[in-house]
Structures are given as C-alpha cells and as structure tokens.
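Colleague: Any chance you could fold what I've pasted below:
(one chain, ligands or ions: 2)
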Amino acid sequence: MNGIDLEPNASSRSDRASWRIIGLTGGIATGKSTVANYLAQTYHLPVLDADIFAREAVEPPSPILEQIRQRYGDTILQADGTLDRPELGAIVFDRPEERQWLEGRIHPYVRRRFEEAISNYRKSDRPMVLAIPLLFEARMTDLVSEIWVVSCSRIQQQERLMKRDRLTREQAIARIESQMPTAEKCDRANWVLDNSSTPHIWIEQLKAALR
Ligand SMILES: CC(C)(COP(=O)(O)OP(=O)(O)OC[C@H]1O[C@@H](n2cnc3c(N)ncnc32)[C@H](O)[C@@H]1O)[C@@H](O)C(=O)NCCC(=O)NCCS
Ligand SMILES: Nc1ncnc2c1ncn2[C@@H]1O[C@H](COP(=O)(O)OP(=O)(O)OP(=O)(O)O)[C@@H](O)[C@H]1O
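Modeller: Ligands and ions are numbered 1, 2, ... in the order given. Down below sits the predicted model:
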C-alpha cells in the first residue's frame, strides 16, 4: 500500500458519507484516465468511469440508441448497428442544444449506474473513485464525498486532445469550450492534481490527498 494510510473517514465533506468516495474530474484530455489508472494499479482502488457507463447506455439494443436514431436518422449508426460516435460527436460539440438533448438521455442513466455501484459498496472501508468528466456540469457532485481535479494548461489540453483523438484545432477547441473552464473546476476542488509537467508532481499531490 506504499506506506500510505487510507483513512476511511478522512473526507472533508464527510457529513453525508462516512466512507470516501473520490470524484475525479477535470477538463477533457487533462489526464484523468492517467490518474485513474494509477489509482487502480498502484493502490488497487475500485475506479468507476462515467465514460464507460455513457457508452453502455447506447449499446444495442438500447432505448436511448433508438431515440438517437429517430432524431438523426439511420446514418448515425454504423453498418453493425452500433453508434457512429465521431458522427454524433460532430453534431453535439457544434450544437449546444443537441448536446443538451443527448445529455438529458444519457446522464440519468449514468447517475443510476453510479448510485447502484455506491449502494453495493457501502460496507467497504476502502475509498472508491468515480471518474466523472462532467462532475460539475452534470450536477453529480452529490454522489461523492470529495473532489479531485486534474489540471494542465489550456494549450497543453488542446495539444493532447488533438494528438490523442486526431482532432483538428477547431474540433478540439469546440470540445474544450463545451465544458466548464479548468480554473473554475480547480476553484471547486478539494484537491488539485497538477498534470502540466512531470508525473512526479501530481503523484506527490495524490499521495497527500489520499493520506
Ligand atoms: C458525443 C459522444 C458520442 C462522442 O463520443 P467519443 O467517443 O468521441 O468521446 P467519449 O465518449 O470517449 O468522450 C471523451 C470526452 O469527451 C468529453 N465529453 C463527452 N461528452 C461530453 C459532453 N456532453 N459535454 C462536454 N464534454 C463531453 C468528456 O471529457 C469525455 O471524457 C460521447 O461523448 C457522448 O455520448 N457524450 C454524451 C454523454 C456524456 O455527457 N458523457 C460524458 C460523461 S457523463
Ligand atoms: N503529463 C503529460 N504529458 C504529456 N501527455 C500527457 C500527460 N498526461 C497525459 N498525457 C496524454 O494526454 C492525453 C490525455 O490524457 P488522458 O486520456 O489521461 O486524459 P483524460 O482527462 O482522461 O481525457 P478524457 O476527458 O477525454 O477522458 C493522453 O494521450 C495521455 O497519454
């Protein structure tokens, strides 16, 4: 356990929970998955990921996928009947009203999945980690007992996103601007993990946050 004392009651918002539920968030491509993988691999903490639940929500056969098909037509599906994600991404990251429509269908599903997982986990004394990119925007902060925000500079975020997802500058900017600015997220965090330089920095911050 790397000599780290994981206190189950150390939450700074422990009024609503005597166990630790860490809400791991941050802007797109700031490094949440990098941190989440580290927590899972090094500390063996259970990590639940909102992006995975959001994908599950549209796996066929899915009523939400059917609503998406009805709204955007058959071309929103691939030949095998699964969602054409880049196609839907191109629609929703350009048009806030369409994004809102989609979120109205997917976020309640994601919330339900987290609630199920939390209720099954209550008896444990180990912290659990909920990786939720839109923790603030989707008003899911009530699910967690503390909030960790992963941050890097805006230009790093844009470059990492363009490189990882092979997006144009304009596409990357549209995705970044569809979210709450990182600085605002940091203001609301219990802990900020700075992923703008070497991993050593955020790993030290992570150890302090876990203690
Ligand atoms: C539009 C979709 C199909 C694009 O899929 P794609 O495979 O390109 O992206 P993926 O799902 O892997 O998301 C990557 C990142 O995009 C960002 N993102 C996703 N959805 C949104 C959104 N509605 N608003 C702002 N940012 C978002 C998050 O940082 C996420 O980590 C997909 O993102 C989606 O279904 N979004 C709506 C559901 C949602 O809000 N998911 C976020 C977690 S609850
Ligand atoms: N310190 C770093 N320096 C350079 N690149 C990094 C660093 N940390 C992460 N990356 C890279 O940046 C990209 C984004 O990281 P990651 O996928 O962890 O972000 P994320 O916040 O989980 O993204 P998303 O919001 O899309 O789920 C990845 O390609 C990752 O390898």
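Colleague: Alpha carbons of stretch 113-124, as CSV, please.
Modeller: This file holds the C-alpha atoms of stretch 113-124, laid out as CSV (Å, rounded to 0.1, in the frame of the first residue of the first chain):
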residue,chain,number,x,y,z
ARG,A,113,-25.3,3.2,-12.6
PHE,A,114,-23.2,5.2,-10.1
GLU,A,115,-25.9,5.0,-7.5
GLU,A,116,-26.2,1.2,-7.9
ALA,A,117,-22.4,0.9,-7.5
ILE,A,118,-22.3,3.1,-4.5
SER,A,119,-25.0,1.2,-2.7
ASN,A,120,-23.3,-2.1,-3.3
TYR,A,121,-20.0,-0.7,-2.0
ARG,A,122,-21.2,1.0,1.2
LYS,A,123,-19.9,-1.7,3.6
SER,A,124,-16.3,-1.3,2.4
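Colleague: Give me the mean pLDDT for that stretch.
Modeller: When pLDDT is averaged over stretch 113-124, the result is 85.
Colleague: Ok, stretch 167-179 next?
Modeller: Mean pLDDT, stretch 167-179: 96.
Colleague: and it, which residues are buried?
Modeller: Going by neighbour count (16 or more other CB atoms under 10 Å), the buried part of stretch 167-179 is 167, 171-176, 179. C-beta: built from backbone N, CA, C; applies to glycine.
Colleague: residues in the protein within reach of ligand 1, list them.
Modeller: With CB under 6 Å from any ligand atom as the criterion, the chain meets ligand 1 at residues 28, 50-51, 54, 85, 88-89, 92, 99, 102-103, 106-107, 110, 133-134, 138, 175, 178-179.
Colleague: which SS state does residue 148 fall under?
Modeller: Of the three states, residue 148 takes strand according to DSSP: H, G, I helix; E, B strand; the rest coil.
Colleague: Beta-bridge partners for it, please?
Modeller: residue 24, residue 191 (DSSP bridges).
Colleague: so it makes contact with residue 191?
Modeller: Yes - shown here, residue 148 and residue 191 form a contact pair, counting by CB atoms under 8 Å, at 4.7 Å.
Colleague: quick check: longest helix of the protein.
Modeller: Criterion DSSP state H: the longest helix present in the chain is helix 96-121.
Colleague: All set now, cheers.
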